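J.: Give me coordinates for this.
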Amino acid sequence: MRETYSNNYTSKARSRILVRALLAIYNTGRRLLVSAFSLLLNFILINYYPEDVLNTYVYFVSIYGLFYVFTNWGSKFFITKQISSSPKDIKHLVTGSISSKLLLCVLASLIIIVLPLELGVKILMILFLLLKSLTPIFNGLIIYTKTSQTVFIVELFFNVLFLAYIFFNQNTISPFTFILFFVLLELLKSLYYFYKFWGELSLEVSLQKGLTVLKTSIYFFGVSFAGFIASKSDFYIVGILIDQSTMSHYFIISSLSAISMVIYASLINTFETSIYRFSKSVFKKLEDTLRSFGMFFSILSTAGFYVAINYFYNIPVDIKFTILFLVNIYIFTLLNFEMYRFTKLEKQKIILLILIFAGIINLGLSFILIKKYILFGAFMANTISLLCNYVLLRLYLKKYLCNEV
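T.: Predicted coordinates for the structure are as follows:
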């Protein structure tokens with residue numbers, strides 16, 4: 001009898017572990033799907049479409065990105081955290097989050113409408129901004145309801161359908177038409193999210209609840225905004241100081257860098273909850289292991305970058321730039337671990353302050369280096385910003401937290 005009970009318990013425990021492992025794989029898969037989609041889309045545009053289509057796409061995404069920092073309001077982490085900590089109050093949380101998004105999108109739309117863009121492009125940008133701003137809410141619901149497997153399959157289907165359509169209809173798609181289909185792709189995904197989570201949603205818009213959410217999550221907005229300045233200043237300054245074509249090329253370089261970072265972070269995020277529970281000795285062993293793994297991953301990513309950028313995207317990059325790419329990714333792997341350390345020690349305010357400083361460094365160096373070194377100067381500014389972020393965290397650790405972790 002006891003043996004039967006023990007076997008049943010072991011079987012159930014294994015089943016739970018398997019389910020959790022599959023959820024982690026599909027959650028990681030959704031993040032990697034975004035990266036893979038970006039890789040293939042950029043490849044199709046740069047090799048099979050006129051340059052004006054790529055430039056229009058990059059311009060549209062870059063302008064949208066400026067407003068998304070505002071309308072996102074740091075909700076990527078805030079909403080998931082709130083839903084996980086208060087599952088019984090989920091409809092109230094979702095109502096407040098949707099209300100806050102609508103409020104922010106209305107404010108952003110007032111600015112978009114006066115931009116020197118075609119009316120059709122303005123309307124598409126406002127719609128796209130609204131849809132993308134609601135996505136973190138749905139992502140929180142997907143994680144909470146453990147439905148990432150189904151969502152991953154549907155998202156994969158929509159992405160493949162879109163890529164196949166634009167690949168086989170190159171001669172009939174103009175820059176505006178491409179943006180239209182790009183926004184329609186996001187609309188299809190959002191309609192699916194609404195259908196899947198309709199029971200969890202409440203369309204009762206409340207200004208008071210929206211303002212409460214914005215006030216509660218303002219720290220997360222600060223981190224998100226500082227991170228944006230620290231990681232994206234170089235990209236936007238290339239567009240300001242050089243030209244749209246060079247900006248499109250740097251967009252692809254930045255995308256390849258971001259994809260490498262997403263892949264690394266996704267691999268480590270699989271063990272995120274366990275990392276925060278590790279003892280001091282285990283945490284130290286993990287740090288040593290990840291330093292070696294980070295170097296291996298950086299070398300592998302750099303090799304992939306060199307082949308992709310020179311032979312698939314046809315953007316000539318020399319060995320000097322390739323070495324800089326290696327340094328950039330390796331510093332990121334080191335910095336990623338420090339973020340876990342400081343979060344474990346509940347030092348998020350220190351992270352924010354140092355991130356702001358790193359953002360200022362990136363901003364200032366970008367104006368100085370891009371004029372002389374163009375793309376290399378932009379990526380150098382980004383790399384130095386990452387290095388400053390990492391060094392300052394390490395200095396703070398040694399001075400104030402040396403005995404904690």
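
J.: Look up the pLDDT of the closest residue to Leu203 other than its chain neighbours for me, please.
T.: Spatial nearest neighbour of Leu203, excluding adjacent residues (C-beta to C-beta, 6 or more residues apart in numbering): Ile98 at 7.6 Å. No exception for glycine: its C-beta is placed from N, CA and C like everyone else's. We have a pLDDT of 90 for Ile98.

J.: Could you check how far Ile98 is from Asn382?
T.: Distance, Ile98 to Asn382, using C-beta to C-beta, to the nearest Å: 34 Å.

J.: The two - which one has more neighbours?
T.: Set Ile98 next to Asn382 and count neighbours by other C-beta atoms under 10 Å: Asn382 wins out with 26 against 22.

J.: In which helix or strand does that one reside?
T.: Asn382 is located in helix 348-400, with elements delineated by DSSP states H and E.

J.: counting contacts, what elements does that helix pack onto?
T.: The criterion is 3 or more C-beta pairs under 8 Å, 6 or more residues apart in numbering; DSSP states H and E, and the helices and strands that helix 348-400 contacts are helix 218-241, helix 244-269, helix 319-344.

J.: For those, please prepare JSON lines with the additional fields mean neighbour count, distance to Glu200 and mean pLDDT.
T.: Shown next, in JSON lines, are the helices and strands packed on helix 348-400 (neighbours: other C-beta atoms under 10 Å; distance: least, C-beta to C-beta, whole Å; pLDDT from 0 to 100):
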{"stretch": "helix 218-241", "mean neighbour count": "20", "distance to Glu200": "21", "mean pLDDT": "91"}
{"stretch": "helix 244-269", "mean neighbour count": "19", "distance to Glu200": "24", "mean pLDDT": "91"}
{"stretch": "helix 319-344", "mean neighbour count": "18", "distance to Glu200": "28", "mean pLDDT": "94"}
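
J.: mind putting those in TSV, distance to Tyr48 included?
T.: Shown next, in TSV, are the helices and strands packed on helix 348-400 (distance: least, C-beta to C-beta, whole Å):
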stretch	distance to Tyr48
helix 218-241	24
helix 244-269	14
helix 319-344	25
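
J.: To Gly364, which of those lies closest?
T.: helix 218-241 (8.8 Å; C-beta to C-beta).

J.: chain center to the closest one, what's the gap?
T.: Here the centre of helix 218-241 is set off from its chain's centre by 13 Å, with C-alpha atoms, centre = their mean, to the nearest Å.

J.: elements contacting it?
T.: Other helices and strands packing on helix 218-241, by 3+ C-beta pairs under 8 Å, 6+ apart, are helix 51-72, helix 75-85, helix 244-269, helix 348-400.

J.: got the angle for the last one vs helix 218-241?
T.: Comparing the axes of helix 348-400 and helix 218-241 via axes from the mean of the first three to the mean of the last three C-alpha atoms, to 10 degrees yields an angle of 90 degrees.

J.: Helix 348-400 vs helix 319-344, what angle?
T.: For helix 348-400 against helix 319-344, the angle by the same axes, to 10 degrees is 100 degrees.

J.: okay, the angle between helix 348-400 and helix 244-269?
T.: Using the same axes, to 10 degrees, helix 348-400 lies at 70 degrees relative to helix 244-269.

J.: looking only at pLDDT, what's the mean for helix 348-400?
T.: Across helix 348-400, pLDDT averages out at 94.

J.: now that helix, how far from the chain's geometric center?
T.: How far helix 348-400 lies from its chain's middle: 19 Å, per C-alpha atoms, centre = their mean.

J.: Setting aside sequence neighbours, what's the nearest residue to the residue nearest the centre of the chain?
T.: Most central in the chain under C-alpha atoms, centre = their mean is Val262, positioned 7.3 Å from the mean C-alpha point. Nearest residue to Val262, sequence neighbours excluded (C-beta to C-beta, 6+ apart): Ser35, at 5.1 Å.

J.: so what's the nearest residue to Leu375 once chain neighbours are set aside up against?
T.: Leaving out its chain neighbours, the residue that sits closest to Leu375 by C-beta to C-beta, 6+ apart is Tyr250, at 5.5 Å. Contacts here follow C-beta atoms under 8 Å, 6 or more residues apart in numbering; on that basis Tyr250 touches 234-235, 238, 375, 378-379.

J.: And Ser99, by the same measure?
T.: Ser99 makes contact with 205-207, 209-210, 213, according to C-beta under 8 Å, 6+ apart.

J.: how about 7 Å then?
T.: For Ser99, the contacting residues are 205-207, 209-210, by C-beta atoms under 7 Å, 6 or more residues apart in numbering.

J.: Which strand or helix spans it?
T.: Using DSSP H and E, Ser99 falls within helix 90-112.

J.: Show me what the next helix-or-strand element following that helix is packed up against.
T.: As assigned by DSSP H and E, the chain's next helix or strand after helix 90-112 is helix 119-145. When contacts are defined as 3 or more C-beta pairs under 7 Å, 6 or more residues apart in numbering; DSSP states H and E, helix 119-145 packs onto helix 51-72, helix 75-85, helix 90-112, helix 175-196.

J.: The same query, at a cut-off of 10 Å, please.
T.: Other elements packing on helix 119-145 under the criterion 3 or more C-beta pairs under 10 Å, 6 or more residues apart in numbering; DSSP states H and E are helix 2-48, helix 51-72, helix 75-85, helix 90-112, helix 148-168, helix 175-196.

J.: hey, C-alpha coordinates of the helix holding Ser99 in CSV?
T.: Output of helix 90-112 as CSV, limited to C-alpha atoms (Å, rounded to 0.1, in the frame of the first residue of the first chain):
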residue,chain,number,x,y,z
ILE,A,90,-7.5,39.8,-11.5
LYS,A,91,-10.4,41.6,-13.2
HIS,A,92,-9.8,44.7,-11.1
LEU,A,93,-6.1,44.6,-12.0
VAL,A,94,-6.8,44.1,-15.7
THR,A,95,-9.4,46.9,-15.7
GLY,A,96,-7.0,49.3,-14.1
SER,A,97,-4.2,48.3,-16.5
ILE,A,98,-6.4,48.7,-19.6
SER,A,99,-7.6,52.0,-18.4
SER,A,100,-4.1,53.3,-17.8
LYS,A,101,-3.1,52.1,-21.3
LEU,A,102,-6.0,53.9,-23.0
LEU,A,103,-5.1,57.1,-21.1
LEU,A,104,-1.5,57.0,-22.1
CYS,A,105,-2.3,56.2,-25.7
VAL,A,106,-4.8,59.1,-25.9
LEU,A,107,-2.0,61.4,-24.7
ALA,A,108,0.5,59.9,-27.2
SER,A,109,-2.0,60.2,-30.0
LEU,A,110,-2.3,64.0,-29.5
ILE,A,111,1.4,64.2,-30.3
ILE,A,112,1.4,61.7,-33.2
